[in-house]
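Q: Give me a 3D structure for the following:
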Amino acid sequence: MNRTDLSASIAELQALRYTPAGLPALDFRLEHESAVQEAGLIRQVKVSVKAVAIGAIAERVQRQPVGSVWRFSGFLATPRNGKSIVLHVQEFQQD
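A: Okay, the predicted model is just below:
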């Protein structure tokens, strides 16, 4: 199963673009900070994640202010250049 849920703030929004099929697409970056327990110790976690949204979700994300916090859900994939992991956002809601 490839399902990811992440509470994060929108750190950066690129310009809305369109796929060859004519669907709106949005590349953006998310930032997450939290404290988690690992091996009995509390660990501070910070992560910056590349994300993409396609279709109506892309248009909705684009309207949100940078810095706003949401719960993003989707799947992880490697882009064609194969250099990183990207969260493909399928839904998001107020955290």
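Q: Could you check the pLDDT of residue 74?
A: Confidence at residue 74, expressed as pLDDT, is 98.
Q: correction: residue 95
A: As predicted, residue 95 sits at a pLDDT of 82.
Q: Return the residues in contact with it.
A: Residue 95 sits next to 7, 69, 70, 71 when contact means C-beta atoms under 8 Å, 6 or more residues apart in numbering. Placement of C-beta: from N, CA and C, glycine included.
Q: All the strands of the chain, residue numbers only.
A: All strands of the chain, identified by DSSP state E, fall at 4-13, 17-18, 24-38, 41-54, 69-77, 86-94.
Q: could these be laid out in a markdown table, adding mean neighbour count?
A: Below are these laid out as a markdown table (neighbours: other C-beta atoms under 10 Å):
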| stretch | mean neighbour count |
| --- | --- |
| strand 4-13 | 16 |
| strand 17-18 | 10 |
| strand 24-38 | 15 |
| strand 41-54 | 13 |
| strand 69-77 | 16 |
| strand 86-94 | 16 |
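Q: Looking at the ones you listed, spot the one closest to residue 62.
A: strand 24-38 (5.3 Å; C-beta to C-beta).
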